[in-house]
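S.K.: Sequence and predicted structure, then a few things I'm wondering about:
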Protein chains: 4
Amino acid sequence: MGKGRMETFFDGVLAIIITIMVLEMKVPHGDNIGALYPLLPVVLSYVLSFVYLGIYWNNHHHMLHTTREVTGSMLWANLHLLFWLSLVPFTTAWMGENHFARLPAAVYGFVLLMAAIAYFILQQRIIAAQGEDSLLKKAIGSDWKGRLSPVLYVAAVIVAFAAPWISIGIYVLVALLWLVPDRRIERALAHDGRQP
Amino acid sequence: MGKGRMETFFDGVLAIIITIMVLEMKVPHGDNIGALYPLLPVVLSYVLSFVYLGIYWNNHHHMLHTTREVTGSMLWANLHLLFWLSLVPFTTAWMGENHFARLPAAVYGFVLLMAAIAYFILQQRIIAAQGEDSLLKKAIGSDWKGRLSPVLYVAAVIVAFAAPWISIGIYVLVALLWLVPDRRIERALAHDGRQP
Amino acid sequence: MGKGRMETFFDGVLAIIITIMVLEMKVPHGDNIGALYPLLPVVLSYVLSFVYLGIYWNNHHHMLHTTREVTGSMLWANLHLLFWLSLVPFTTAWMGENHFARLPAAVYGFVLLMAAIAYFILQQRIIAAQGEDSLLKKAIGSDWKGRLSPVLYVAAVIVAFAAPWISIGIYVLVALLWLVPDRRIERALAHDGRQP
Amino acid sequence: MGKGRMETFFDGVLAIIITIMVLEMKVPHGDNIGALYPLLPVVLSYVLSFVYLGIYWNNHHHMLHTTREVTGSMLWANLHLLFWLSLVPFTTAWMGENHFARLPAAVYGFVLLMAAIAYFILQQRIIAAQGEDSLLKKAIGSDWKGRLSPVLYVAAVIVAFAAPWISIGIYVLVALLWLVPDRRIERALAHDGRQP
């Protein structure tokens, strides 16, 4: 089965997720600067989540470049990932409206953790389907970012109950970690003599 | 007429349906665990509907693999299916917010029933267009799942007025029934010597 | 310029329009049949608009089959059509919530009228680009449906101020008119020896 | 990496942005002409933003015609552009509901300014990737529109605090400036002997 429709569906859902987050930014009633002030944490949450979803889209894009066929289990692993990502607008709005309070900050991290696990499962499904010589396996190498992120999320979730701002700092850190261009897959594809 | 645009449109609408269900999860006002508690039935309804829509997307994906051309009647059968699926966010939210009360649980099942019938009609339109040697007809075989589901939905709708929780159990059961990988179409395509 | 991206964009916007109409169906607070009753006109409006948007999608699909290239003016004519269609969820909800009152019924018809005109303009842009031997021009022939519909919309808008139910009847009539399969374009393409 | 998925994602997000603006037009409660009156500034804001987003879609469409490959930095420049465009429904609704008051009119211009800068960055990324003989660089030439627009936006933002209606006039002017068909890229492609 071709990967086209799976890519399209992922992109479609992600595009909607990324956009409906804005719907949670309720238009303020006043027209002065004071009316914008309570929106600040909402906007900051939005920026953070926008970057996370952008990273997911980018990485998903790259990961699927290493494969051509998709199996039934990949389709479900993909839907599973989308399920957790679809909760991001909810946790983003909850965290923003409560000014980064403890429980919302923890739940925000929990959903990021589950999304990271879902991404890992999808990655494993693709590697398994590619067999011994998996191009994706070579491409991700030690996958230290993929292994470190869940650990950091777990730490952030726990810390949130004591000091939610440290959790936010960790979320920002993980995002920066991934924003640094990652040429692994591009390099592996080039090395393989395949045009990405 | 090529099937591309029909697939794309189905995927587009389904992606939106699946995502706007989250919009129905109203962000709670408090920031403590008590604020999350009333969301529990809403989240459970969301998970159930997410799985159902995932199944529809998966099966639609497979079904269209057996055909290349689409006719005008297929386009309308497709829109008819989308109409019933588009009501799922509404019934999901209503059922969740009323903690699986009788009428909402029955209406939820009614919409699932109509979607199943609409799917069946689309399937018949494709088989009819493929003529005698319909690959899809061979692929679905006795179609026992497709025949059993509507019966179970009808039962669930009736039972809902007495014991809505049994109806929910039936909805979960039907979802599990379909989640079990179904290799019929993949097998038929392979048997036919066609790459899916 | 290829037509692919114009088709995709039209489908994307239409898919969203068709789906957000459901968002206007506010989930009722009660869980009994009385809670559903006020939704009836909203649901009826939704069904009517769903059919209209389905017809537009279908016809747009057929119309673009006659062309391969798109020009800048077609892109804008396409956006213009999308603008009017994007107002349909608004007029649908307004008409439904006011139980088919006079002004909402008239405004509903006005937006349908403007969409019909926008569709006509897009059609003319395509015919103009195809030159003398326009396949689309042959395909639509006298275009009696395309000419009759605006007249009926104008009548319905005027009548709405006296008897809105007659206007609704006219909207249903026009929808039925278009639902009757229209093989003009398919026939013209076949006649032309081109596979649609 | 092929540009297909970047185009699709841009179109998907833009289609949603353009459509959810309508969701901000709250359905009025009355059914008389007085109920529509307060909607007028909202509708006018909507029209203005619809035209702006249409222009962005059109220009993006043309710009990507000059390139085939996309790099990682283009993907992020694209996401950055989408971020600012995603704020347009928010600023549109805020400006409309406050009847073009000072601060909302200024913030509306600020987001347009940031979107223009983001577009410029994406353009530079593509030119840089194309190297010496950049087709896009030739196509945009002096890029006077691209250079003038940010200046006008800055002026409008400042003027908004004194006379917001002049700012609105400037926004309309810039939109008209871009609406005038711009054949630069089409000409450059033709000149280059490439079919757009």
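M.R.: Nice, thanks for sending it over.
S.K.: Can you read off the pLDDT for the closest residue to A:Val47 other than its chain neighbours?
M.R.: Spatially, and ignoring its direct neighbours in sequence, A:Val47 is nearest to D:Phe83 (7.7 Å; Cβ to Cβ, 6 or more residues apart in numbering or on different chains). Any C-beta I mention is one placed from the backbone N, CA and C, and that applies to glycine too. For D:Phe83, the pLDDT comes out at 95.
S.K.: if I pick D:Phe83, what's in contact with it?
M.R.: Residues in contact with D:Phe83 (Cβ atoms under 8 Å, 6 or more residues apart in numbering or on different chains) are A:Val47, A:Phe50, D:Ala118.
S.K.: if you look at the helix or strand hosting the last one, does any of it touch chain A?
M.R.: Per DSSP states H and E: D:Ala118 is located in helix D:102-130. Yes. Judged by Cβ under 8 Å from any Cβ of the partner chain, helix D:102-130 and chain A are in contact via D:Arg102, D:Leu103, D:Pro104, D:Val107.
S.K.: can you give me the helices in chain A?
M.R.: With DSSP state H, the ranges of helices along chain A come out as A:4-23, A:33-36, A:40-64, A:72-86, A:88-97, A:102-130, A:135-140, A:144-160, A:164-179, A:184-191.
S.K.: what comes up buried for the shortest one?
M.R.: What that stands for is helix A:33-36. Under the neighbour-count criterion of 16 or more other Cβ atoms under 10 Å in any protein chain shown, helix A:33-36 has A:Ala35, A:Leu36 buried.
S.K.: Would you mind checking the average pLDDT for that helix?
M.R.: 84.
S.K.: go on, stretch A:101-109?
M.R.: Stretch A:101-109 carries an average pLDDT of 95.
S.K.: before we move on, what about stretch A:65-75?
M.R.: What stretch A:65-75 shows for mean pLDDT is 84.
S.K.: and that stretch with chain B, contact?
M.R.: Yes. Contact of stretch A:65-75 with chain B (Cβ under 8 Å from any Cβ) involves A:Gly72, A:Ser73, A:Leu75.
S.K.: Flag the shaky bits of chain A, pLDDT-wise.
M.R.: A:1, A:181-196 (pLDDT under 70).
S.K.: what residue lies at the spatial centre of it?
M.R.: Nearest to the mean C-alpha position of chain A, counting by Cα atoms, centre = their mean, stands A:Tyr56 at 4.2 Å.
S.K.: Which residues are in contact with that residue?
M.R.: Contact analysis of A:Tyr56 by Cβ under 8 Å, 6+ apart lists A:Leu14, A:Leu81, A:Leu85, A:Ala115, A:Tyr119.
S.K.: quick one: which of the residues of helix D:102-130 next to chain A is most hemmed in?
M.R.: Neighbour count (other Cβ atoms under 10 Å in any protein chain shown) singles out D:Pro104 as the most crowded of the residues of helix D:102-130 next to chain A, with 28 neighbours.
S.K.: Any figure for the gap between the residue nearest to the centre of chain A and D:Asp31?
M.R.: To D:Asp31, A:Tyr56 is 45 Å away according to Cβ to Cβ, to the nearest Å.
S.K.: cool, A:Ile127 as well?
M.R.: 60 Å.
S.K.: what's the answer for A:Gly109, then?
M.R.: Look at A:Gly109 and D:Asp31: by Cβ to Cβ, they are 48 Å apart.
S.K.: So those two - more neighbours on which side?
M.R.: A:Gly109 (27 against 21).
S.K.: My understanding was that that one contacts A:Ser167; is that so?
M.R.: Yes. When contacts are counted by Cβ atoms under 8 Å, A:Gly109 is listed as touching A:Ser167 (5.9 Å).
S.K.: what residues are shared contacts of the two?
M.R.: With Cβ under 8 Å, 6+ apart, A:Gly109 and A:Ser167 have common neighbours A:Ala156, A:Val157, A:Ala160.
S.K.: Might you report the residue contacts of the nearest residue to the second one once chain neighbours are set aside?
M.R.: Same thing as A:Val157. Nearest non-adjacent residue to A:Val157, counting by Cβ to Cβ, 6+ apart: A:Gly109, 4.3 Å away. Contacts for A:Gly109 (Cβ under 8 Å, 6+ apart) come out as A:Tyr153, A:Ala156, A:Val157, A:Ala160, A:Ser167, A:Ile170, A:Tyr171.
S.K.: ok, A:Gly109 to chain C distance?
M.R.: Computed as Cβ to the nearest Cβ, to the nearest Å, the A:Gly109 to chain C distance reads 29 Å.
S.K.: Give me the nearest residue to A:Val172, chain neighbours excluded.
M.R.: In space, A:Val172 comes closest to A:Leu48 once its chain neighbours are excluded; the distance is 6.8 Å by Cβ to Cβ, 6+ apart.
S.K.: now do A:Ser45
M.R.: Distances taken as Cβ to Cβ, 6+ apart put A:Gly96 closest to A:Ser45, at 3.6 Å, once the chain neighbours are dropped.
S.K.: A:Asn32 and D:Val107 touch, don't they?
M.R.: No. Counting by Cβ under 8 Å, A:Asn32 sits too far from D:Val107 to count as a contact (11.3 Å).
S.K.: Return the residues of chain A in contact with chain D.
M.R.: Chain A comes close to chain D at residues A:7-8, A:11-12, A:14-16, A:18-20, A:22-23, A:25, A:27-29, A:31-33, A:36, A:47, A:50, A:54, A:57-58, A:61, A:65, A:181, A:183, A:186, A:196, as judged by Cβ under 8 Å from any Cβ.
S.K.: out of the residues you listed, which are buried?
M.R.: Buried members of the residues of chain A next to chain D, scored by 16+ other Cβ under 10 Å, are A:7-8, A:11-12, A:14-16, A:18-20, A:22-23, A:25, A:27-28, A:31, A:36, A:50, A:54, A:57-58, A:61, A:65, A:186.
S.K.: dump the residue contacts of A:Leu87.
M.R.: A:Leu87 sits in contact with A:Val111, B:Val22, where contact means Cβ under 8 Å, 6+ apart.
S.K.: what does chain A have sitting close to chain B?
M.R.: Within chain A, the residues that sit near chain B (Cβ under 8 Å from any Cβ) are A:1, A:5, A:8-9, A:12-13, A:15-17, A:20, A:23-24, A:72-73, A:75-76, A:79, A:82-83, A:86-87, A:89-90, A:93-94, A:97-98, A:101-104, A:107.
S.K.: before we move on, back to that, give me whichever of the helices of chain A is most buried.
M.R.: Each of these was scored by mean neighbour count; the highest is helix A:88-97, a mean of 26, by mean count of other Cβ atoms under 10 Å in any protein chain shown.
S.K.: For that helix, which outside residues touch it?
M.R.: Here helix A:88-97 has contacts from A:17, A:20-21, A:23-24, A:41-46, A:48-49, A:52-53, A:101, A:104-105, A:107-108, A:111-112, A:115, B:22-23, B:25, B:27-29, B:31, using Cβ under 8 Å, 6+ apart.
S.K.: give me that answer again for 7 Å
M.R.: By Cβ atoms under 7 Å, 6 or more residues apart in numbering or on different chains, the surrounding residues in contact with helix A:88-97 are A:17, A:20-21, A:24, A:41-42, A:45-46, A:49, A:53, A:104-105, A:107-108, A:111, B:22, B:25, B:27-28.
S.K.: got the angle for it vs helix B:40-64?
M.R.: Here the directions of helix A:88-97 and helix B:40-64 differ by 150 degrees (axes from the mean of the first three to the mean of the last three Cα atoms, to 10 degrees).
S.K.: which residues does A:Phe58 contact?
M.R.: Check again: residue A:58 is Asn, not Phe. Contacts for A:Asn58 (Cβ under 7 Å, 6+ apart) come out as D:Leu75.
S.K.: what about it, distance to chain B?
M.R.: Using Cβ to the nearest Cβ, we find A:Asn58 at a distance of 19 Å from chain B.
S.K.: For A:Trp169, give me its contacts.
M.R.: For residue A:169 the amino acid is Gly, not Trp. If you count contacts by Cβ under 7 Å, 6+ apart, A:Gly169 has none.
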